[in-house]
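S.K.: Output the structure for:
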Amino acid sequence: MIKYALVCDKGHEFESWFWNSDAFDKQVKRGFVDCPHCGSIKVSKALMAPSVSTSRKKDARAEAARAAQMALSPASSGGGMTLLDNEQQKLRAALRELHEKIIANTDDVGEKFPDEARKIHDGDAPARSIRGHATIEQAKELWDEGIPVLPVPSLPDERN
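M.R.: Residues are numbered from 1 along each chain as shown. This is a model prediction of the structure:
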């Protein structure tokens, strides 16, 4: 995935993620990228400062990866544990609320998600919000076709 700094013809700046440069080009050409501020589809890449990888950044990424691995690995005493501070508890509550809203406001199409998303996008099925299952490859294909999909994170309680 690649993150681009974007600007519309009215000067609004924003960022967006794309699977690759070709996906960005295809989506802009088809008018699928629009400014979140004004809705303009005349969008282009803005100048971006390069991300220079320093040893300090590498060390920080390595430490973050180790911390994530430790959080996901079961401890020898039977299971991984973490003590959540107030901010982490708020984030978890917000994630749970978002998850509940997604479930309440979408139709579950299960394994048919990629096909149903295409039908809706092409106008062959009624427009509605759906959720279901797709592989990484299927999600990439949908993005490349200009169909915006978003993975729904599982809640920590769902894995325990």
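
S.K.: Could you list the buried residues of whichever helix or strand L91 is part of?
M.R.: Element membership of L91 [criterion: DSSP states H and E] is helix 86-104. By 16 or more other C-beta atoms under 10 Å, the buried positions in helix 86-104 come out as H99. For glycine as for every other residue, the C-beta is placed from the backbone atoms N, C-alpha and C.

S.K.: Ok, stretch 34-51 next?
M.R.: D34, C35, V43.

S.K.: Tell me how far that stretch lies from the chain's centre.
M.R.: On the basis of C-alpha atoms, centre = their mean, to the nearest Å, stretch 34-51 sits 18 Å off its chain's mean C-alpha point.

S.K.: Contacts made by it with the rest, please.
M.R.: By C-beta atoms under 8 Å, 6 or more residues apart in numbering, the surrounding residues in contact with stretch 34-51 are 4-10, 12-14, 24, 28, 31, 33.

S.K.: hang on, isn't W17 packed against A5?
M.R.: No. Checked against C-beta atoms under 8 Å, the pair W17 and A5 is beyond contact range at 11.4 Å.

S.K.: where does the nearest residue to E141 once chain neighbours are set aside land on pLDDT?
M.R.: Ranked by C-beta to C-beta, 6 or more residues apart in numbering and with sequence neighbours excluded, the top spatial neighbour of E141 is P114, at 7.3 Å. pLDDT for P114: 94.
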